[in-house]
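Participant: Whatever this is, show me its structure:
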Amino acid sequence: MAVFVATVETGSMAAAARALELQPALIGQQIQSLEEQLGTPLFERHGRWQRLTAAGAAYHQQCRSILEMVRGAETGLQATAQQASGSLRVHAPVLFGTRNLAPALAAFLQAYPKVQLSLVLDDRAANPVDDDFDLVFHRGEWLDHPHLECLPLCEEALTMVASPVYLERQGGPQRAEELVRHQCLGFMAPDELSEEDPDDGRPPEGLDCASEDEDEDWDAPFAGHDERFGAEEDADAEAPLAPRVVVQANNALALHALALHGAGIAVLPRALVADDLAAGRLVAVLPGLSLGVEPLGLLLRSDEAESPALAALVDWALERFGPQAAAATLTAPAVPEAPAVVALAESEPEPEPLALPQLAAGEAGGVPVCQCQAADTVVD
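Facilitator: Modelled structure (predicted):
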């Protein structure tokens, strides 16, 4: 198309070849190929003299308009990239920031070389107004704040898992009520901790997780989702459940490592454990129990104009991790179910500890809730 327009506007194929810095023979070949593709001649040729046919003249006007639009789009993009400059403070959950955001940011920084980022990875909830961030990747329910704009990205699926070693040793629960007799690994949200009270190993004030017997170890919310553990399709059962938590951590990677090594049952992001489920390193526990999903989105100030750098980062994040990207994710692998109670043979040696898999960066796979939870990508 560009060769054809240059030939018309320079007056000859030889002049077009000089303007485009191409061989004259190549100009002729491309014009001929274009005519064959369109099924109609674009030039009337008489020896070395040629002029446009009626179809060629109409096609030339259309091609000019298209090429001008393309040049305008390229110029605008280049101008935006040149104008987008300065420093941005970005906050993200640890797991999502490590596995998904950081590897993907390389492409953004290449497109916008004048932008500098300060990336803070922390599982404590933050918002741009109170914590002085330009952009926050927020996990969980939206914050009700008059000066915040919330842009949804995707949703994170949750899965309850345990290692085969643990299930062989303790047996797999067949109903949610049986979790109270198991070792559970709980997520301790940092923003739920009291900074004023000393860390004495007791649950923070306000959390309904006390043991009925004060002499026993206290129970804590299981992975932050105990309110979801009502009886499985049993309306007469008491809810919520308070499973016995033997370890609390404020980071999903730590709970993942504990689960892999047989410490207990954990509720983790599906994307984090997908490869382990497929390889048999972890097994789904109570796969019929609905654990719901948690949203991931962007928080930015609504009372201030976006800088070109922030606008570029927001547009990039929506394209990279937004709903359209979520629709393109691959189907999750089949999930093996937890076995029933199995006693270990006395002669069978204890399996060696499993090696913690390396964190993947930039993988194209994922779990079919959102692209941001792919192995390159998950959250928290």
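
Participant: Where does pLDDT dip in the stretch 151-300 of the chain?
Facilitator: Scanning the stretch 151-300 of the chain for pLDDT under 70 picks out the ranges 189-242.

Participant: tell me the strands in it, going along the chain?
Facilitator: 184-187, 245-249, 265-269, 283-284, 293-301 (DSSP state E, counting those that start in this stretch).

Participant: As CSV, those with distance to L38 and mean neighbour count would be great.
Facilitator: From N, CA and C alone the C-beta is placed, and that goes for glycine too. Output for the strands of the stretch 151-300 of the chain, formatted as CSV (distance: least, C-beta to C-beta, whole Å; neighbours: other C-beta atoms under 10 Å):
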stretch, distance to L38, mean neighbour count
strand 184-187, 62, 26
strand 245-249, 65, 19
strand 265-269, 52, 27
strand 283-284, 57, 21
strand 293-301, 46, 20
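
Participant: So which of the ones you listed is nearest L34?
Facilitator: strand 293-301 (44.8 Å; C-beta to C-beta).

Participant: Next, the angle strand 265-269 makes with the closest one.
Facilitator: Going by axes from the mean of the first three to the mean of the last three C-alpha atoms, to 10 degrees, strand 293-301 is angled at 50 degrees with respect to strand 265-269.

Participant: in its sheet, what does strand 293-301 sit against?
Facilitator: Sheet pairing here is set by DSSP bridges, and for strand 293-301 it gives strand 135-139 (antiparallel), strand 148-162 (antiparallel).

Participant: possible to save those strands as TSV with distance to M13 and mean neighbour count?
Facilitator: Below are the strands paired with strand 293-301 laid out as TSV (distance: least, C-beta to C-beta, whole Å; neighbours: other C-beta under 10 Å):
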stretch	distance to M13	mean neighbour count
strand 135-139	52	24
strand 148-162	51	21
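
Participant: Any chance you could list what contacts stretch 37-48?
Facilitator: If you take C-beta atoms under 8 Å, 6 or more residues apart in numbering as the criterion, stretch 37-48 is touched by F4, I31, L34, E35, Q50, R51, L52, T53, A55, G56, Y59.

Participant: And those, which of them are buried?
Facilitator: Neighbour-count burial within the contacts of stretch 37-48 applies to F4, I31, E35, Q50, L52, G56, Y59; the criterion is 16 or more other C-beta atoms under 10 Å.

Participant: And those residues, which two are furthest apart?
Facilitator: Q50 and Y59 (14.8 Å).

Participant: Not counting stretch 24-35 itself, show me its contacts.
Facilitator: M1, V3, F4, T7, M13, A14, A16, A17, L20, P41, L42, F43.

Participant: Adding secondary structure and distance to E141 as columns, could you present the residues you listed in a markdown table?
Facilitator: Listed next are these as a markdown table, based on DSSP: H, G, I helix; E, B strand; the rest coil; distance: C-beta to C-beta, whole Å:
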| residue | secondary structure | distance to E141 |
| --- | --- | --- |
| M1 | coil | 51 |
| V3 | helix | 56 |
| F4 | helix | 56 |
| T7 | helix | 61 |
| M13 | helix | 65 |
| A14 | helix | 68 |
| A16 | helix | 61 |
| A17 | helix | 63 |
| L20 | helix | 57 |
| P41 | coil | 65 |
| L42 | coil | 61 |
| F43 | strand | 65 |
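
Participant: what's the closest of the residues you listed to C154?
Facilitator: Looking across the contacts of stretch 24-35 and measuring by C-beta to C-beta, the closest to C154 is M1, at 38.1 Å.

Participant: which residues does that closest one contact?
Facilitator: Neighbours of M1 in contact, by C-beta under 8 Å, 6+ apart: L34, C63, I66, L67.

Participant: out of the residues you listed, who has the most neighbours?
Facilitator: C63 (17 neighbours; other C-beta atoms under 10 Å).

Participant: Touching, that residue and F4? I think so.
Facilitator: Yes - judged on C-beta atoms under 8 Å, C63 makes contact with F4 at a distance of 6.2 Å.

Participant: just to revisit the earlier point, could you name the stretch from the strands paired with strand 293-301 that's closest to L185?
Facilitator: strand 148-162 (9.0 Å).

Participant: and the nearest residue to F4 once chain neighbours are set aside, how far is that from R244?
Facilitator: The shortest distance from F4 to any non-neighbouring residue, by C-beta to C-beta, 6 or more residues apart in numbering, is to L34 (5.8 Å). L34 is 74 Å from R244, where distance means C-beta to C-beta, to the nearest Å.

Participant: So which residues of this protein form helices?
Facilitator: For the chain, applying DSSP state H gives helices covering 2-10, 13-20, 24-38, 54-83, 94-96, 102-111, 128-131, 164-170, 252-260, 270-279, 308-321, 323-327.

Participant: okay, now L255: neighbour count?
Facilitator: 25.

Participant: try Q62
Facilitator: Neighbours around Q62, by other C-beta under 10 Å: 10.

Participant: that older thread, can I get the strands paired with strand 293-301 in CSV including distance to A176?
Facilitator: Converted to CSV, those look like this (distance: least, C-beta to C-beta, whole Å):
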stretch, distance to A176
strand 135-139, 24
strand 148-162, 9
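
Participant: partners of the nearest residue to P128 once chain neighbours are set aside in the sheet?
Facilitator: Excluding its sequence neighbours, the residue lying closest to P128 (C-beta to C-beta, 6+ apart) is R301, at 5.0 Å. Beta-bridge pairing for R301 (DSSP bridges): L148.

Participant: Help me confirm that R301 comes into contact with P146.
Facilitator: No - counting by C-beta under 8 Å, R301 does not reach P146; the two are 10.8 Å apart.
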